[in-house]
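Enquirer: Sequence and computational prediction follow.
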Amino acid sequence: MGYTNADPFIAMDVAMEFRKHFVLQNQFTWVKHIAVNDTGHGQYKPITSKRYVSVTNEHIYHFTNKGDVEIDRLSIGQRNKTHPIWPELYSEGRHIANARRSIARLMKFENYLDVQKKATAKQKKEFYSALEKRLMNKPYQPDKLKCIGNCWYIPYTPTSRLSKLIGNEGDVNSRKASRADHPATFPPALPEKCIKLSGIKKGSLVYDPFVGTGTTIVEAVKLGMFGVGTDVSKKFCDFAKKRIKYEINQNLLKKNKTINKNKSEKTSAKQAPLF
Ligand SMILES: C[S@@+](CC[C@H](N)C(=O)[O-])C[C@H]1O[C@@H](n2cnc3c(N)ncnc32)[C@H](O)[C@@H]1O
């Protein structure tokens with residue numbers, strides 16, 4: 001749900017209506033543009049104003065019947081990459097330091113320094129043996145996926161790239177050809193993340209009542225779901241139908257190519273010993 005400076009409560013008002021019937025299980029912020037240090041990432045519609053700043057985010061509400069639906073957090077998880085500003089945040093050193101601290105506390109010391117200062121030789125032996133065991137059972141895993149939290153940076157897809165995705169040739173920068181002049185399309189990664197996170201199984205039905213140019217349905221089908229979309233605008237529905245057909249055919253073609261490639265690789269692997 002988007003909002004404007006002139007109508008900042010619109011998304012919250014809609015959420016309050018839903019609140020009467022459902023439970024808000026999770027809420028997210030879709031960040032379209034973010035400044036990290038002195039570098040901006042993403043795009044937004046800049047405004048000229050002496051009162052307002054430009055709006056660069058939208059709200060995503062995850063309403064469910066009782067707030068107890070099992071989700072799949074790691075399907076959109078990320079690696080424990082080294083932090084770009086504070087590298088020690090996700091480093092192996094920090095992992096070891098955390099293990100040290102927790103063992104120190106288990107042994108009723110304040111922290112590792114306390115162990116070094118106050119522990120007896122016997123306690124130190126016990127400490128280091130527990131640390132070794134802990135690090136063996138729970139090693140530093142920089143590739144392990146973890147929950148990405150509820151703030152998602154997803155930039156818009158540039159018009160020229162969208163054009164290519166949906167098979168436009170010629171003027172790839174035409175908003176009309178690439179998105180039926182739709183003013184507010186989703187980047188594909190947005191519905192993709194929502195569908196994956198929801199934890200629904202392949203073959204489930206995804207319904208987008210505000211389907212626009214069909215992004216949600218394309219992503220749903222790519223993920224093995226069935227998709228249904230409706231929109232108040234016939235123009236958008238017609239465009240969505242065309243796009244969905246094209247993107248799904250492309251996707252099937254790609255899939256078939258991979259299957260055939262794998263088949264031929266398997267065949268040649270089987271045949272290899274003959275030569
Ligand atoms: C934010 S856009 C959705 C864009 C879409 N996800 C995409 O990627 O193209 C919202 C859509 O809701 C449609 N809409 C607005 N009011 C509606 C209504 N009352 N019933 C059905 N659709 C509506 C608009 O035409 C618009 O296409």
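Expert: Sure, I can see it. Residues are numbered from 1 along each chain as shown.

Enquirer: Tally up the residues packed near the nearest residue in space to Asn251 that is not next to it in sequence, please.
Expert: Distances taken as C-beta to C-beta, 6 or more residues apart in numbering place Lys222 nearest to Asn251, at 5.7 Å, with adjacent residues excluded. From N, CA and C alone the C-beta is placed, and that goes for glycine too. Residues near Lys222, counting by other C-beta atoms under 10 Å, number 17.

Enquirer: Then the one 4 residues further on?
Expert: Phe226 is flanked by 13 other residues according to other C-beta under 10 Å.

Enquirer: and what of the one 10 residues further on?
Expert: In terms of burial, Phe236 registers 21 neighbours under the definition other C-beta under 10 Å.

Enquirer: residues contacting the residue nearest to Asn251?
Expert: 192, 247-248, 251 (C-beta atoms under 8 Å, 6 or more residues apart in numbering).

Enquirer: residues from the stretch 151-275 of the chain in reach of the ligand?
Expert: By C-beta under 6 Å from any ligand atom, the residues of the stretch 151-275 of the chain that approach the ligand are 182, 184-186, 209-210, 212-213, 215-216, 231-233, 236.

Enquirer: Who does the residue nearest to Lys66 when sequence neighbours are not counted form a beta bridge with?
Expert: Spatially, and ignoring its direct neighbours in sequence, Lys66 is nearest to Val23 (5.8 Å; C-beta to C-beta, 6+ apart). Going by DSSP bridges, Val23 is paired in beta bridges with Thr64.

Enquirer: which element follows the host helix or strand of Val206 toward the C-terminus?
Expert: Using DSSP states H and E, the element containing Val206 is strand 205-208. Downstream of strand 205-208, the next assigned helix or strand under DSSP H and E is helix 215-222.

Enquirer: Could you chop this protein up by domain?
Expert: The domain map for the chain lists 1-77+147-155, 87-137, 156-270, with the assignment taken from automatic domain parsing.

Enquirer: Export these as TSV, with columns for mean pLDDT.
Expert: Formatted as TSV, the domains of the chain follow (pLDDT from 0 to 100):
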stretch	mean pLDDT
domain 1-77+147-155	95
domain 87-137	95
domain 156-270	90
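
Enquirer: Out of the ones you listed, which one sits most buried?
Expert: Across these, averaging neighbours per residue (mean count of other C-beta atoms under 10 Å) puts domain 156-270 on top, at a mean of 16.

Enquirer: ok, now which ones touch Glu126?
Expert: Here Glu126 is in contact with Met107 (C-beta under 8 Å, 6+ apart).
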